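Enquirer: below: sequence and its predicted model.
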Amino acid sequence: MIPVLTTLALLALQGSAAAAEEGGMPLGHQLGLVWVVPFALMLLSIAVLPLLAPRWWESNLNKGIMCAILGLPVSFYIFRLESARLVETGIEYAAFIVLLAALFIISGGIHLRGSLPGTPFTNTVVLTTGAIFANFIGTTGASMLLIRPVLRANERRRHQVHIVIFFIFIVSNVGGLLTPLGDPPLFLGFLRGVPFEWTIRLLPYWLLMITPLLILFYVWDRRWFAAERAAHHGATIEEYGVQEKLSVDGKINILLLLGVITVAFVVGRFGTQIGLQSEHARRGGQVVGMGILAGLSMLMTRWETRAANGFTLSPIVEVAVIFAGIFATMIPALAILEARAGELGLTRPWQFFWVTGFLSSFLDNAPTYLTFASMASGLMGTEAARLGQLLHATTGPMHGEALLTAISVGAVSMGANTYIGNGPNFMVKAIAEEAGIEMPSFFGYMKYTIGILLPLFLLVTFVFFRP
């Protein structure tokens, strides 16, 4: 992390000192070192403060103060230099947050009552289902929908940590690779012009990662299950789960989730045909449509159903506050990377895969995706605000689509490497600990990722991004 931030700083130093002078220079050439510092501090705060000052960090007010201190000076300065850039970023932020909020609120209104037996086969089926659901209701929505039923199904088992860890790997991260709704980085790409259906082309990458993870989980879980049954003198399967008939409360929210998918796809794909001519109008249409669906969910769902899920608005408020600071402070860094991408020396897909993935492991994967997608745009001579142009761009041996593919796969999949790589990771950990499961520490969790995910990502590199 530190070498990359240092590189950003060095690139910023090379920017023109005449930042405020007019003359048509790209924004990235107008900005000096001082305007990269807030972004670096913002990212470092997200990575470090939850570990150094967890109680202080729990307060959304404290997060808001920090974001305001770092973000407002940047916003005022960018507005003076290039007001359109700030306005566009604000609209992008609104569309991004409304999508997350809609998925979070609507999925929080669906409660699965009852429980399945906590057997290896059942657990594997649930994880497979979660990996599929993540592409329609987001990794956050799928995680919040399924984690409590998984914990209830396995509450009588002694060894549950591996179940939660594989849940984070599969449902909270890798599973959401196939649609822009699956993970925030892909939705940001969609907002910047990547066609909605393009991510379906990532299916081979999804299968190469999901299949070994599910097989390894089944073998691992079966081993512990057999050991526990032997220790309990051949306990029956029924004793490993509360045998209560499954039912679904809040069924109306299933239709509302389909509505979110419809709004995202129709407005993004056919916005011009339905009268939304400009990109700003299309994003505004998405914000309004998803906002209405989220509001309907709040009005039409009994509060008892949400209470059974332990639903509160605090997590989505936290995300909104933090991302406000991220979106504001990242404008200079993105502009500098776009203007001076060639000076970082990244030219091959495998390099983008690993650098994007490494940063996504410790920082939030959404801004990391935008940072390196902007860099790829600079290399290919396309606009960072129009990432869809990368799909058709070629410069010598480099192909823009290959670079965007590597960035997308790295950002989504390697968000699983740490608790802080992707938003749902910490939420799942907190729910598991609330249920009495003693989860590994920050570095204890990374032992699993180094042993399981690192070889998997090396396999992905060898198969798809061979140097």
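Expert: Received, thanks.
Enquirer: which parts of the stretch 351-467 of the chain are helices?
Expert: Per DSSP state H, counting those that start in this stretch, the stretch 351-467 of the chain carries helices over the ranges 365-380, 400-413, 423-434, 442-448, 454-464.
Enquirer: neighbours of residue 55, just the number please.
Expert: Residue 55 sits with 7 neighbouring residues when counted by other Cβ atoms under 10 Å. C-beta here means a position set from N, CA and C on the backbone, and glycine is covered the same way.
Enquirer: need the next SSE after the helix or strand where it lies, C-terminal direction.
Expert: Using DSSP states H and E, the element containing residue 55 is helix 54-58. Scanning forward in sequence from helix 54-58 by DSSP H and E, the next helix or strand is helix 60-107.
Enquirer: wait, residue 218 touches residue 122, no?
Expert: No. Using Cβ atoms under 8 Å, residue 218 is not in contact with residue 122, being 10.6 Å away.
Enquirer: which parts of stretch 193-202 are buried?
Expert: Within stretch 193-202, the residues that count as buried by 16 or more other Cβ atoms under 10 Å are 193, 194, 196, 198, 199, 202.
Enquirer: and for stretch 442-454?
Expert: 445, 446, 448, 449, 452, 453.
Enquirer: what of stretch 312-325?
Expert: 315, 316, 318, 319, 320, 321, 322, 323, 324, 325.
Enquirer: how about stretch 426-434?
Expert: By 16+ other Cβ under 10 Å, the buried positions in stretch 426-434 come out as 426, 427, 428, 429, 431, 432.
Enquirer: right, and residue 64 touches residue 322 too?
Expert: No. When contacts are counted by Cβ under 8 Å, residue 64 is not listed as touching residue 322 (9.0 Å).
Enquirer: what about the strands in the stretch 151-300 of the chain?
Expert: Assigned by DSSP state E, counting those that start in this stretch, the stretch 151-300 of the chain shows strands spanning 244-249.
Enquirer: now the helices for it?
Expert: All helices of the stretch 151-300 of the chain, identified by DSSP H, counting those that start in this stretch, fall at 161-170, 184-191, 203-231, 252-270, 279-300.
Enquirer: I'd like the average pLDDT over the second one.
Expert: Here the mean pLDDT over helix 184-191 is 86, rounded to a whole number.
Enquirer: go on, the last one?
Expert: Helix 279-300 shows a mean pLDDT of 87 in the predicted model.
Enquirer: contact partners of that helix?
Expert: By Cβ atoms under 8 Å, 6 or more residues apart in numbering, the surrounding residues in contact with helix 279-300 are 88, 91-92, 94-95, 98-99, 101-102, 105-106, 109, 191, 252-253, 256, 259-260, 263-264, 267-268, 271, 276.
Enquirer: name the next helix or strand downstream of that helix, please.
Expert: Using DSSP H and E, the next helix or strand after helix 279-300 towards the C-terminus is helix 303-308.
Enquirer: which strands and helices sit next to that next one?
Expert: strand 111-115 (3 or more Cβ pairs under 8 Å, 6 or more residues apart in numbering; DSSP states H and E).
Enquirer: run through the neighbouring helices and strands of the strand it packs on.
Expert: Looks like strand 111-115 contacts helix 120-153, strand 244-249, helix 303-308 (3+ Cβ pairs under 8 Å, 6+ apart).
Enquirer: out of these, which gets nearest to residue 385?
Expert: helix 120-153 (23.6 Å; Cβ to Cβ).
Enquirer: which secondary element of the protein has the worst mean pLDDT?
Expert: helix 2-13 (a mean of 40; mean pLDDT, DSSP states H and E).
Enquirer: ok, then the element right after it?
Expert: Heading C-terminal from helix 2-13, the first helix or strand you meet, by DSSP H and E, is helix 27-30.
Enquirer: list the buried ones in that next one?
Expert: Neighbour counts over helix 27-30 (16+ other Cβ under 10 Å) mark 27, 28, 30 as buried.
Enquirer: now the contacts of helix 279-300: which count as buried?
Expert: 88, 91-92, 94-95, 98-99, 101-102, 105-106, 109, 191, 253, 256, 259-260, 263-264, 267-268, 271, 276.
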